[in-house]
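J.: predicted coordinates and the sequence they were generated for:
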Amino acid sequence: GIQVEQSPPDLILQEGANSTLRCNFSDSVNNLQWFHQNPWGQLINLFYIPSGTKQNGRLSATTVATERYSLLYISSSQTTDSGVYFCAPGGSQGNLIFGKGTKLSVKP
Amino acid sequence: NAGVMQNPRHLVRRRGQEARLRCSPMKGHSHVYWYRQLPEEGLKFMVYLQKENIIDESGMPKERFSAEFPKEGPSILRIQQVVRGDSAAYFCASSDRFYTGELFFGEGSRLTVL
């Protein structure tokens, strides 16, 4: 099955800083999503991005499927951005394979 | 709210009891996925169902766990004779198409086994 590696595993930022989270995957995929799991455990869809670049406010994502990686950019970080960010490329049955996540802490 | 609905949100069971978790997909979605999340870990795929069919159960333990998605009503994940190691958050997701569809997750059901 698909192997997913996310880096860094932990990240501490000062409010207002920018960051890039990386996701490498081991096989070609037709689906990839980024999620934010907030401190209450809710999974929030950030991007559905099997290829290309998308932007939503302070967040943007790029997937280069041919090189098997995806990047999530967070600009001008806020304390509400804290939580765990998961990358999840698609498996053979449409199920998503989750990485271990990047735990982000934004300090005021 | 037309999102994925899961209940109960929290469930406490004693060892040996049964746990039943329910999931109603988003309107118009016929693909349902169940995932389990242990503390401080990512989500692990358990099972993929369409109406009245189990499509892929490769992630589900062979014993004590079962899942169904009947023609009418929600999908149900059933855990028999629960053990402490079953304590986890169980998430359901739904999609409107096979393989390339975006998955939308419910808020999860948190099972605690005493």
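T.: Structure's in. What do you need? Numbering: from 1, shown residues only, chains lettered A, B, ... in the order given.
J.: C-alpha from now on. contacts and neighbour counts both.
T.: OK.
J.: ok, and the closest non-adjacent residue to whichever residue of chain B sits closest to chain A?
T.: Proximity of chain B to chain A (CA to the nearest CA) peaks at B:Tyr99, 3.5 Å away. Across the structure, with CA to CA, 6 or more residues apart in numbering or on different chains as the measure, the residue nearest B:Tyr99 apart from its sequence neighbours is A:Gly94 (3.5 Å).
J.: right, and that neighbour touches B:Thr100 too?
T.: Yes: at 6.2 Å, A:Gly94 and B:Thr100 qualify as touching, with contact defined as CA atoms under 8 Å.
J.: settle it for me: which of the two has more neighbours?
T.: Higher neighbour count among A:Gly94 and B:Thr100: A:Gly94, with 23 against 20, using other CA atoms under 10 Å in any protein chain shown.
J.: wait, is the more buried one part of a strand?
T.: No: according to DSSP: H, G, I helix; E, B strand; the rest coil, the state of A:Gly94 is coil, so it is not within a strand.
J.: so which residue of chain A comes closest to chain B?
T.: Counting by CA to the nearest CA, chain A gets nearest chain B through A:Gly94, at 3.5 Å.
J.: helices or strands up against the helix or strand containing A:Thr62?
T.: If you go by DSSP states H and E, A:Thr62 is part of strand A:59-64. Using 3 or more CA pairs under 8 Å, 6 or more residues apart in numbering or on different chains; DSSP states H and E as the contact criterion, the elements in contact with strand A:59-64 are strand A:52-56, strand A:69-74.
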